[in-house]
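Engineer: Just to be clear, the model below is a prediction. Sequence and coordinates:
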Amino acid sequence: MRILFLGDVVGRAGRSAVIERLAGLKADLRIDFAVVNGENATSGVGLSASHAKALLSAGADALTLGDHAFDQRDMLQFIEQEPRILRPLNYSKAAPGKGARIFSTTSGHKILIAQVLGQVFMKRPFDDPFSALDALLRQYPRGGQVQASLIDIHCEATSEKMAVGHFCDGRASAVVGTHTHVPTADAMILAGGTGYLTDAGMCGDYDSVIGMKKDEPLRRFITGMPKGRFEPALGEATLSGFFVETDDRTGKAMQVSTVRLGGRLPPQLPA
C-alpha cells in the first residue's frame, strides 16, 4: 500500500496548496490512501466544517486534528457527521468524534489511522498516549485485521515523538509527527519495520514563523509583549509530508521518504 501523509495545513495558503496540488500528487505517486493534518487550516487555529469539506473534496481520504481540534466550534457537531475526520485518541472521553478508525482503500485493503497527543510541553495534560496506543494496536495488529496502520503523534517534544515511534515499532506500519510545523530529515524504517519521521512539517508559507506572519511573533520574542493577533502568512505554500510504502501481507514499511512540493523549500519526492 502506498500512503501519503501531509503535515499541518496552515491557513489559506496551506489550504490552497492542498486543494491545487493533492490530486496530482496522488496520481504521480500512485497513492492508495492520503491523510492530511488539518488542525491549523482555518485562520491558523482549528478546522471549520467548510474547510474540512474542501480538503476532503481535494483528495484527502482522512483528516487528523490535534490540540486545536475544537477551536472552530462547528467542528464539535461536524465531526460526528463526518467519519473521515479524527480527533486525538487520548483527548477527553467526553469529546465528540473518534480518535482512530479503519478505512478501506479502493482496492479493498484495510488501513488503520489514529492520532494521539503528546504530554511534554503541551499547554494542558492529556491522557497517556502510550496506553491508548497499546490498547489500539493490540486490537488491530498490522498484517491482521488491517493491512497497514499509520499513527499521527501530535506533540511538541521530538524525544516524545521518537519514544512513540519505538513504542509502536513492529506493531504499526508508520508513525509520523506533527505540531511543530518544521520538517525533519530523519525519515527511516525502524528495526521492527515501522516507517518513522519525527515531523512532517507544515503545508504553509515558509516565509514566516511556523506559518504565521513574521511581525507579531518577532515582536513578542524581542519585547516579550503582544500587540496583535497571530495571522497566517499568505505567500506560496510548500506541501510537506511523508510517504510510506508497505507490504500488504505483513504491514511492514518497505520504503519511506519525506515529501516537499512547491513554495520556498527544495522539492523532494520519492524516487
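Structural biologist: Received, thanks.
Engineer: From here on, just use CA atoms for contacts and neighbour counts.
Structural biologist: Fine.
Engineer: Would you tell me what the next helix or strand after the lengthiest helix in the chain is?
Structural biologist: Longest helix in the chain, counting residues (DSSP state H): helix 11-29. Downstream of helix 11-29, the next assigned helix or strand under DSSP states H and E is strand 33-37.
Engineer: other SSEs contacting that following strand?
Structural biologist: Contacts defined by 3 or more Cα pairs under 8 Å, 6 or more residues apart in numbering; DSSP states H and E place strand 33-37 against strand 2-6, strand 62-64.
Engineer: So which elements touch the helix or strand that comes right after it?
Structural biologist: Next in sequence after strand 33-37, counting helices and strands by DSSP H and E, comes helix 49-57. Contact partners of helix 49-57 among helices and strands, from 3+ Cα pairs under 8 Å, 6+ apart: helix 11-29, strand 62-64.
Engineer: follow-up on the earlier one: with distance to Phe121 as extra columns, can I get the helices and strands packed on strand 33-37 in CSV?
Structural biologist: As requested, those are arranged in CSV below (distance: least, Cα to Cα, whole Å):
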stretch, distance to Phe121
strand 2-6, 23
strand 62-64, 21
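Engineer: Turn those strands into CSV, including mean neighbour count and mean pLDDT.
Structural biologist: Formatted as CSV, those follow (neighbours: other Cα atoms under 10 Å; pLDDT from 0 to 100):
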stretch, mean neighbour count, mean pLDDT
strand 2-6, 25, 98
strand 62-64, 24, 98
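Engineer: Counting neighbours, what do you get for Ile210?
Structural biologist: Per other Cα atoms under 10 Å, the neighbour tally for Ile210 reads 20.
Engineer: likewise Leu117?
Structural biologist: If you count neighbours by other Cα under 10 Å, Leu117 ends up with 29.
Engineer: same thing with Ala49?
Structural biologist: By other Cα under 10 Å, the burial measure for Ala49, its neighbour count, is 17.
Engineer: There's contact between it and Leu76 in this structure, I believe.
Structural biologist: No. Using Cα atoms under 8 Å, Ala49 is not in contact with Leu76, being 9.5 Å away.
Engineer: Report the contact partners of Gly235.
Structural biologist: Residues counted as contacts of Gly235 (Cα atoms under 8 Å, 6 or more residues apart in numbering) are Ala13, Asp205, Asp207.
Engineer: Quickly note the distance from the most centrally placed residue in the chain to Leu117.
Structural biologist: Geometric centre of the chain, nearest residue: Asn37, 3.6 Å, by Cα atoms, centre = their mean. Counting by Cα to Cα, to the nearest Å, the gap from Asn37 to Leu117 is 13 Å.
Engineer: what sits against Phe130?
Structural biologist: Residues in contact with Phe130 (Cα under 8 Å, 6+ apart) are Val164, Phe167.
Engineer: what secondary structure does it sit in?
Structural biologist: With DSSP: H, G, I helix; E, B strand; the rest coil as the basis, Phe130 sits in helix.
Engineer: any idea how far it lies from Cys155?
Structural biologist: Counting by Cα to Cα, the gap from Phe130 to Cys155 is 13 Å.
Engineer: same question, Ala253
Structural biologist: 23 Å.
Engineer: out of the two, which sits in the busier spot?
Structural biologist: Neighbour comparison, Ala253 and Cys155: the larger count goes to Ala253, with 26 against 23 (by other Cα under 10 Å).
Engineer: returning to that earlier point: please state the offset of the longest helix of the chain from the chain centre?
Structural biologist: Helix 11-29 has its C-alpha centroid displaced from the chain centroid by 14 Å (Cα atoms, centre = their mean, to the nearest Å).
Engineer: how about that helix: buried residues?
Structural biologist: By 16 or more other Cα atoms under 10 Å, the buried positions in helix 11-29 come out as 11-19, 22-23, 25-26.
Engineer: Can you tell me which of those residues is nearest Lys93?
Structural biologist: Gly11 (28.4 Å; Cα to Cα).
Engineer: what sits against the closest one?
Structural biologist: Asn40, Ala41, Thr42, Ser43, Gly44, Gly204, Gly211, Pro232, Ala233, Leu234.
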